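Novice: Structure for this input, please:
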Amino acid sequence: METFHKKIENINPEENFERYCVNKSDNVIVDAFSKKTAVHAGLMDRFAPKEQTQEVLKNVLNQERKNRTAAYIHVPFCETHCLYCGFYNQPYRREQSRIYTDVLINEIKLWENTTAINSDPINALYFGGGTPTALEVEDISRLLKYISSALPLANDCEITMEGRISNMTKEKVEAYLQGGVNRFSLGVQSFNTELRRSMGRRSDRDTIIERINMIKEYNQAAIVLDLIYGFPNQTMEIWVDDILLAQNLEIDGFDCYQLNVFPNTPLGKRIADGSINPALNIKEKTELFIKSVELMQNALYTRISVNHWQRTTRERNIYNRLARGYASCLSFGAGAGGNINGYGYMILRDYQGYLESVKNGIKPIMGISIPGVNYSLYKEISEYFETGYLDLAYLENKYNLPLTSICSKLLNQWEDAGVIKYENNKIILTLAGQFWFVNLSQLLQEYIKLTLQFQGDKNMVNSEKVSL
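Specialist: Modelled structure (predicted):
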């Protein structure tokens, strides 16, 4: 997590109140914060000692899952490395498809008969990457067949295949549908051929449209796509054209995401050395964000999260909501991350190390984190903010914590600054708040955690004084 709020344990939130405030401005959507402080909101975890990793994991696998659950299958291959992507791991080679699929199946078998796997239905299954559509037809077919027998997928399980347009041949689409896939998530980012090529994307505008229409003809799965704003040289004209074209294609939904530029990506490096123009600045991004909301509302799309819009009820967006909130995520594949009842784990990114570990019958995880006090509360806050509001009274009652008294001063400042409306213990994000929702979620979680810690430490000191 890229944030300056990592080391917060010894901070008194009352004495450092301004740290959590929003900058007041006549143009708050631009000036609320100087930068985005995290990709996804969340608090730092405490990890089990490395030598205890497998022991802790074994104990966790003997527990029943206590919350909603998704499953995630990671395929680390890409035929090209898009400039903006921070997830690239392995260049794709055809012979790796069979090898990796064999190992994935064996990795799932390591957990197949555990309590944690079989105790409850799985509500969403997501194939991500990398590029899962890079796998050969015969391999993805047998993987889908195996998973449907090995994992307790719910009758209405959302099964998403993420992929790139260039892989979406009729043969592959038919294999996905036959294997139970009922949702396609396509990484389009932009229909503009010149902009796409500048970011390392291969398919042109006409190919994208042709492939989407081909998938639509089957009428068997939801089709959603990602659009991104903030690219170098991206104009308002390009952005409006992208949104209107996506609407005209009559797909089931799509995302309007803000570009994050990381220093270690090819895009970050090229911007730093001056070989490519900088990404759009905050003011330029806010203008594109505002336009996207306007166009989607005018077209009467239903907003099911800050970034995600639904045209038909075929699109449910289950996995994305579970992944952001208080849910377990059973993850498999080199570089995947997941959690069981709040115990988080990350699978080895080192490809050869991953293959060797599974071969030896060991789940190849790098470490396992232990959920802290009120872990589920903070995850629920993250999930709520993704949807644009937070019912503080509900959380206060559910967790039996004085959240109203803790948060009122801060929320009043946020309302005064113009990023929320705070009424009847409900937080409603304004347009400015929606643009900065990750920052607001991060700050609120930290503020609550530190206040509870500080009050607990103070009460403990007071009780010690009385006993003396």
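Novice: Could you report the neighbour count for Gln258?
Specialist: Using other C-beta atoms under 10 Å, Gln258 has 18 neighbouring residues. C-beta here means a position set from N, CA and C on the backbone, and glycine is covered the same way.
Novice: Just grab the bridge partners of it for me.
Specialist: Beta-bridge partners recorded for Gln258 (DSSP bridges): Tyr229.
Novice: who touches the nearest residue to Asn374 once chain neighbours are set aside in this structure?
Specialist: For Asn374, ignoring the flanking residues on the chain, the nearest one in space by C-beta to C-beta, 6 or more residues apart in numbering is Tyr399 at 6.7 Å. Tyr399 makes contacts with Asn374, Ser376, Leu377, as judged by C-beta atoms under 8 Å, 6 or more residues apart in numbering.
Novice: just checking, the last one touches Asn397?
Specialist: It refers to Leu377. No: using C-beta atoms under 8 Å, Leu377 makes no contact with Asn397, being 11.9 Å away.
Novice: Between the two, which has more neighbouring residues?
Specialist: Taking neighbours as other C-beta under 10 Å, Leu377 and Asn397 compare with Leu377 leading, 19 against 12.
Novice: tell me what the helix or strand encompassing that one is packed against?
Specialist: Per DSSP states H and E: Leu377 is located in helix 375-387. Counting contacts by 3 or more C-beta pairs under 8 Å, 6 or more residues apart in numbering; DSSP states H and E, helix 375-387 is packed against helix 318-324, strand 389-391, helix 392-399, helix 437-467.
Novice: Can you point out the buried residues in the longest strand seen in the chain?
Specialist: Secondary structure of the chain per DSSP state E: the longest strand is strand 153-163. Buried residues in strand 153-163, defined by neighbour count with 16 or more other C-beta atoms under 10 Å: Leu153, Cys157, Glu158, Ile159, Thr160, Met161, Glu162, Gly163.
Novice: Model confidence at the second one, what's the number?
Specialist: Turning to Cys157, the model gives it a pLDDT of 98.
Novice: what's near enough to touch it?
Specialist: Counting by C-beta under 8 Å, 6+ apart, Cys157 touches Pro121, Ile122, Asn123, Ala124, Leu125.
Novice: domain ranges for the chain?
Specialist: 17-44+376-453, 50-324 (automatic domain parsing).
Novice: from the contacts of Tyr399, which is closest to Tyr326?
Specialist: Closest approach between those and Tyr326, by C-beta to C-beta: Ser376, at 4.6 Å.
Novice: Tell me the spatial nearest neighbour of the closest one, not counting adjacent residues.
Specialist: Tyr326 is the one closest to Ser376 (C-beta to C-beta, 6+ apart), at 4.6 Å.
Novice: thought the one you found was touching Asn374?
Specialist: No: if you go by C-beta under 8 Å, Tyr326 and Asn374 don't touch, sitting 10.9 Å apart.
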